[in-house]
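> I would like to see how this sequence folds:
(2 chains, ligands or ions: 2)
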Amino acid sequence: MNQLAHNRISMRRYQDDEVVDAVIIGTGAGGAPLLAKLAAAGLRVVALEAGPWWEAPAEQFATDETSASKIYWTDERLSAGDTSVVFGGNNSGTGVGGSTLHWGAFVPRADPRDLRIHTDFHEGADWPLTYADLLPYYEEVETFLGVSGPAHYPWDSGRRYPTGPVPINAPGQLMQRGFAALGLRTSAAPIAALSEPYARPEYGQRPACVNRGFCHQGCRNGAKASMDATYLPWAVRDGAEIRPDSFVHGFERGSGGNITSVLFRQTGTAGKAGTERRQRTRAVFLCAGGIETPRLLLHTGLANSSGQVGRNFMAHVATQVWGTFAGRVGMNKGFPATVISEDMLRPAGAPFTGGYLVQSLGVTPVTWAQGVARGRGLFGEELVSYLDRYNFVAGIGINGDCVPVKGNYLELSEEVDRNGLPKPRVHFSYGKSELAMSEHAVTLLKAAWQAAGAEDMWTLERTAHTIGTCRMGSSPEASVVGSFGQSHDLGNLWICDNSVFPSSLAANPALTIMALSLRTAEHFLASR
Amino acid sequence: MLPYTLNGKHGPLIVMLHWLGGSANTWTEVSAGLVARDFRCAALDLPGFGRAVDDDRFSVAQMSTAVLETVRGLRGAASKEPWFLAGHSMGGKLAAVLTRAAENGEVDLQNLRGVFLVSPSPPGVEPMTESKREDALRDLGQSTGDAEKDREHAKAFVDDNVGKLALPEAIEQRTTADVLHMSRAALRAWMTGGSKEDWAERVGTLSTPALVLAGTEESALNPAAQRKHTLAHFSRATLVPLEGSSHLGPLERPWELIEHITDFVASLGMSWPERTESLPATTLSPGFLRLIDSDCTSPQTRSLLLQRLTPQAFFPAIFTSSQRHAARALARRVVPAAPQDLASKLEEQLTRPQQDGSRRASLPADADAWLQGLASFEAASKRTFGVPFAALDGARQDELLKQAAAGTLGRGLLGALYLGAGAESFTPEQMKDWFEDVRGELAKLYMTDPRTLERVGFTGFADDHGFTHIRLGELEDFENTTAQARQDAR
Ligand SMILES: Cc1cc2nc3c(=O)[nH]c(=O)nc-3n(C[C@H](O)[C@H](O)[C@H](O)COP(=O)(O)OP(=O)(O)OC[C@H]3O[C@@H](n4cnc5c(N)ncnc54)[C@H](O)[C@@H]3O)c2cc1C
Ligand code: SF4
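Ligands and ions are numbered 1, 2, ... in the order given. Next comes the predicted model:
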C-alpha cells in the first residue's frame, strides 16, 4: 500500500446531492495538482476518475509490458490521415494518476521562444501568457516533485534543480559520445524521478530510483513522480475525495447556463452493471486529457461557440534513430531517457517552425520489437535475427514542435464504444514543417549515432502525446478557454490538461500541464 | 525390416508409406512439421524404392508383410503404444490392408488410432485409364539407355502429377531423383499387378478413423472418386479436398497436411504435448529458470512469466479451420522462430472485448480486419498460384507478404469487378496498414514469451533489487552468472 492508499482509509466522502465546490474530471497531470491545491485551500472537492485505483504499485505493477496494458486507455480511438497516430500505450493512460502512471517523467521546461511561435514564424499560435507567467509554477512543481537534474543546465544558467541527476545509463553515454563528436552540447536530463530519497510534508517520504527501467509499466516504489505518489496523497489528506471507476458522460445545467451537476457512471466490479450517478457542484474542472476532453465536450455540445473544440490536434514529432553497437548496451537498465540536448531548439537555417529536443532512449523489449516489426518493416528470419540483437542496440530520439493546422482535428465517429459515447476519430498528417523537421533530425541523429559507433542504423517514424484540442487564447471566437483555463462560454467550466495548449512546444508536455494546473488553481481561488 | 527414416524423440509414432516413384524422402517436409508438433515419424522405403531398391517383394501381400515386420521392429513386438499409419497413393492401398489386419487383431499392430491417406490407391482395382498405364510402362518401365532421356521421363512423371502450383525446385529435383532411382521392375509390377489386385472384399469396412486427402486437380483419384472408392471402406472417414493440388499431396502441400493431421488427431480426443514448428527448446534452461525463481524477480512478474510457459486452454472462436491454417502459415512466415503457436494466441486475444485502444480509421475492427486480411491473402494466392495461401511454400508466401508490405497487394482499381475470389479483399493501402498491424502484434506476442527473452538474453525482469551496473558494457552480478551459463550451454 502506498501513501495515497493509506490516506484513502480516512478519505473524506461527499454526498452526490451535496453541492460541492468543485468536481475535477480526471486525475492526471492536469487534474491532480488542482485537486490538491483546492483541497488544501479548504474547498470541498471530488475527483471523478474513469480508471481504477492501484493501491499497491509494489504488488500490482509487474516488470512486464503486456500486463501494463491495464494502465493504458484502451477504449478504441480511430486514426485517420497520412501520419496516423497510435493511441493506447503510446500516449494515453488511465487510472488514479492518469497518464503519469506510465509516463516517462522527462520534464524539460518550455523554451520561452516556443510560447510565441507565431510571432517568430508566422505559423501556429502564440500562447496568451509568457514564460515569466509560468516560471514560478515550474519552480513550484519541480521542487514539489523533487525533480532531479544537473547543477548547471547548459541552456538556462539560472535554473536549479532540487536534487542531482539520475545516473546516466548506456544509451545516455552513447548520446554524450555522439554529440560531443559533433560539437554539440548535452546534459543530464531533468527527470521527475528521485536521485535520492526525498521528503515533503504533503506526501511524506519517497525513495530514490533504483534504475529498473520499467517506468512506463508503472513505478513500483514511488521514486517516479506520478500523481499517485505526489499531488494525490496531498489532495486526499487535505479533504478531497477521489472516486475511481467513474466515467463522466454528461452534465446538467442550471437556468443561467452554468453546469450544476456532473453525470457519471460508476462501473462496478467486473460483470456488474454500472450505477448511474450525479454529483452536484458549483464548478467543474475538465482534465480528461487531449482526446477525452474534446470528446466529452463535442458529445455534450458544451463550450463550443467558437467551433474550436477538437480543432488543431497536435502530436510531437518523435522520430527515433536506432543502431547496433559492438559492445553490450543493455538499454533496459537505468531510467529510460537520461541525457538531453536543447541545441536543436532553433537550428540555424532549418526549414521548419520551432525546433526539437533530443533525448537518449532505452526501450523495453516488447515495445522495441513492435517498433522494429512495424517501423523497420522486418519479418521472417530478418526480424528474428535482428530482435536477437536487443542487448546491443540503443536509440536516440527527438521531441519536436508541431504546427497546429486546420486539417488536423478530432471529431466524433459513427461508432459507439462501451461507454455509450461515439468513438473519437483523429485526423493527423504531418505538414511541410514536421516532415522537414523529421528529416533534419534523422540526418543529425544518424551522424551522432555513427560517431558513437553505431552500425545497421534505421529510422522509426513516430509521434508522441495528444495535444491542443481545446486551445487557450484571448479571443472567444478563436479559442475555447482563456489563459487561466476558464471556458469562454460557461463561467463555471475550466479545462486544464494537454488540450489547452495553443502550440505543442518542443518540450514534453506534463511539466507545463502541471504548472498550468497550479496557475489555474491559484486564479480560481483568488477569484472566488 | 525395411529401411526407414525415423525423426522425433517424443509422442505418438506415425508410420509413413510412400507413392509409386517415391521413397522415405517423400515425407521429408511433412515429417519435419509433425516432429515439431511432437510426433515421431518413421518414413519407410518400400520394396523397389529408395534404400530398398534391390528388394523385390512387389505384390500387395508381400509389401504389406514387409511393412508389418518393420512396424513390429519399430514399435517392439505386441506393443500397446498408440500409433498412426499414413499412406500416399500406392502406400494408401497398403495402409488399408494393414488397417484390416490391425482390426483383425494382429498383435503387433494393436492400438492403431487412425490412418491418414493422401490420394490413396483404393483397396479395389485402381481406376486408371489403360492409356495412362501404357504411358507409364513405356516411359518408365525400362531405361531408355540414354541418361538424359530417362531424366526427362522421370521429370515429366513428377510434373504430370503436380497440380496448379509447381513444386519448389529443390523438391522437384529430389523427387525426380527418387523416380530415377526406383527399380523399373517395381514400377512394372505395380502397373501390371499391384494396382490391379482387388482387395475390396478382403479389406471390407473398416472402423478405424481415417483422414482422406485428395487433390481437386487430379483426374482419376479426385475427391469424388475417393468418396466412391475409398470412403466405401471406412465407416469413420473425413474427406478433405486439397484445392488446386494434384496427386503429390505430401510434396505439393506439406503444410496443409501437417495442419490437417494435427487437427484430426486432436479431434480424436487425443492430447499430446503439441508445440509448433522449429524452436529447438520448448523449455527454459535451468539457469534461466533459476533466475525467474530467484528473489531478483518479483513474485507477480514470476507468475506472469511462468504462466506463459504453460499452454492455456483455448476455445477457438474467430477463425474457421481453413482461416486458422492461413493464420498459422502467416504467423510462421512473420516470426519463424516462435516457441509457441502465435496464431492461436492471437485468435484468443481477438476474442477479448478490449484491444489495444488504437485503430486506423481505414480498417474495420480488429477481428474483422483479420478475417478480411486473411481472405485477401487467400484471394491473392489463388489468383497468383491457383491454390490457398496455406498451401504455398515459404518462398511463395513471402512473395505475397512482400507485396502486402509494399502496398501492391489487394483489390485493384478494377477490384470491384472481380466476381469471384478477391472481391472482398482489402485495397492495397489497407493491406499495407493491416500487415503492419499484423507484424506488430506477432512481434509483441513473440517477444512476450520467456523463451524468446532467454534466446535474446534479456534479464531485465529480474529487477527487484534494482540495477547498479547500468553503463556501457556493465553487467549486474546475476547477469554475469546468466551470461556464463548461456556460454556454457553453447
Ligand atoms: C508512455 C507515455 C510516456 C510519457 N512520457 C512523458 C514524459 O516523459 N514527459 C512528459 O512530459 N510527458 C510524458 N507523457 C505524457 C504525459 O503523461 C501527459 O502529457 C500528461 O499526463 C497529460 O496530462 P492530462 O491531464 O492531459 O491527461 P492524463 O494524464 O491522461 O489524465 C487524464 C485522466 O482523465 C481520465 N478520464 C478521461 N476521460 C474521463 C471521463 N470521461 N471521466 C472520468 N475520467 C476520465 C483518464 O482516465 C485519465 O486518468 C507520456 C505519456 C505516455 C502515455
Ligand atoms: S527506474 Fe526508477 S522511476 Fe523507473 S520504475 Fe524504476 S524506480 Fe521507478
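> When you work out contacts or count neighbours from here on, use the C-alpha atoms and nothing else.
Fine.
> Name the residues of chain A found near ligand 2, please.
Counting by Cα under 6 Å from any ligand atom, chain A comes close to ligand 2 at A:193, A:209-215, A:219-221, A:223-224, A:334-335.
> Among those, which are located in strands?
Secondary structure from DSSP state E places none of the residues of chain A next to ligand 2 in strands.
> just those residues that are near chain B?
A:210, A:211, A:212, A:334 (Cα under 8 Å from any Cα of the partner chain).
> could the residues you listed go into JSON lines alongside distance to residue A:7, neighbour count and pLDDT?
Output for these, formatted as JSON lines (distance: Cα to Cα, whole Å; neighbours: other Cα atoms under 10 Å in any protein chain shown; pLDDT from 0 to 100):
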{"residue": "A:210", "distance to residue A:7": "25", "neighbour count": "23", "pLDDT": "96"}
{"residue": "A:211", "distance to residue A:7": "27", "neighbour count": "25", "pLDDT": "96"}
{"residue": "A:212", "distance to residue A:7": "27", "neighbour count": "24", "pLDDT": "95"}
{"residue": "A:334", "distance to residue A:7": "31", "neighbour count": "29", "pLDDT": "97"}
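> What is the nearest of the residues of chain A next to ligand 2 to residue B:334?
residue A:214 (27.2 Å; Cα to Cα).
> mind listing what the closest one touches?
Residues near residue A:214 by Cα atoms under 8 Å, 6 or more residues apart in numbering or on different chains: A:63, A:64, A:332, A:336, A:364.
> how about 10 Å then?
For residue A:214, the contacting residues are A:61-65, A:102, A:104, A:220, A:332-336, A:362-364, B:460-461, B:463, by Cα atoms under 10 Å, 6 or more residues apart in numbering or on different chains.
> Name the residues of the stretch 151-300 of chain A found near chain B, please.
A:167-174, A:209-214, A:220 (Cα under 10 Å from any Cα of the partner chain).
> how about the nearest residue to residue A:264 once chain neighbours are set aside, what does it touch?
Nearest residue to residue A:264 in three dimensions, chain neighbours excluded: residue A:248, at 4.1 Å (Cα to Cα, 6 or more residues apart in numbering or on different chains). Contacts for residue A:248 (Cα under 10 Å, 6+ apart) come out as A:25-26, A:48-50, A:262-266, A:276-278, A:286, A:288, A:292, A:296, A:419.
> for chain B, what spans make up the strands?
Going by DSSP E, chain B shows strands at B:4-7, B:13-17, B:40-44, B:83-88, B:112-118, B:210-215, B:237-242, B:358-360.
> who does the longest one touch, helix- and strand-wise?
Using 3 or more Cα pairs under 10 Å, 6 or more residues apart in numbering or on different chains; DSSP states H and E, the elements in contact with strand B:112-118 are strand B:13-17, strand B:83-88, helix B:90-103, strand B:210-215, strand B:237-242, helix B:249-252, helix B:254-267.
> I'd say residue A:334 and residue A:171 touch.
Yes: if you go by Cα atoms under 10 Å, residue A:334 and residue A:171 touch, sitting 9.4 Å apart.
> and residue A:251, that's in a helix?
No: going by DSSP: H, G, I helix; E, B strand; the rest coil, the assignment for residue A:251 is strand, not a helix.
> so the closest residue to it other than its chain neighbours is in which element?
Nearest non-adjacent residue to residue A:251, counting by Cα to Cα, 6+ apart: residue A:262, 4.6 Å away. Here residue A:262 sits within strand A:259-266, counting by DSSP states H and E.
> Now do the helix or strand that comes right after that strand: which elements does it pack against?
Counting by DSSP H and E, the next helix or strand C-terminal to strand A:259-266 is strand A:275-280. Packing partners of strand A:275-280 (3+ Cα pairs under 10 Å, 6+ apart): strand A:22-25, strand A:246-253, strand A:259-266.
> For strand A:275-280, list every residue counted as buried.
A:277, A:278, A:279, A:280 (16 or more other Cα atoms under 10 Å in any protein chain shown).
> pretty sure the last one contacts residue A:264?
The reference is to residue A:280. No: look at residue A:280 against residue A:264 with Cα under 10 Å: they stay out of range, at 11.2 Å.
> how much space is there between residue B:246 and residue B:174?
Per Cα to Cα, to the nearest Å, residue B:246 is found 18 Å from residue B:174.
> Name the residue in the two with the higher neighbour count.
Taking other Cα atoms under 10 Å in any protein chain shown, residue B:246 and residue B:174 do not tie; residue B:246 has more neighbours (25 against 14).
> what about that one, distance to residue B:199?
Counting by Cα to Cα - residue B:246 and residue B:199 are separated by 25 Å.
> repeat for residue A:307
85 Å.
> Among those two, which residue is more densely surrounded?
Between residue A:307 and residue B:199, counted using other Cα under 10 Å, residue B:199 has the larger neighbour count: 19 against 14.
> from chain B, which residue is nearest to ligand 2?
Closest contact between chain B and ligand 2, by Cα to the nearest ligand atom, is at residue B:466 (7.3 Å).
> wait, does stretch A:422-432 make contact with chain B?
Yes: using Cα under 10 Å from any Cα, we find that stretch A:422-432 touches chain B at A:425, A:426, A:427.
> Return the member of those residues nearest to chain B.
If you rank the residues of stretch A:422-432 next to chain B by distance to chain B using Cα to the nearest Cα, residue A:425 comes first, at 7.2 Å.
> Checking my notes, that closest one in a helix, right?
No: counting by three-state DSSP, residue A:425 falls outside a helix, being strand.
> Just grab the bridge partners of it for me.
Listed by DSSP bridges, the beta-bridge partners for residue A:425 are residue A:78, residue A:411.
> count of residues packed around it?
25.
> ok, it - contacts?
Counting by Cα under 10 Å, 6+ apart, the residues that residue A:425 touches are A:76-81, A:291, A:295, A:310, A:409-415, B:359-361.
> How much space separates it from residue A:404?
In terms of Cα to Cα, residue A:425 sits 17 Å off from residue A:404.
> Kindly report the same for residue B:331.
40 Å.
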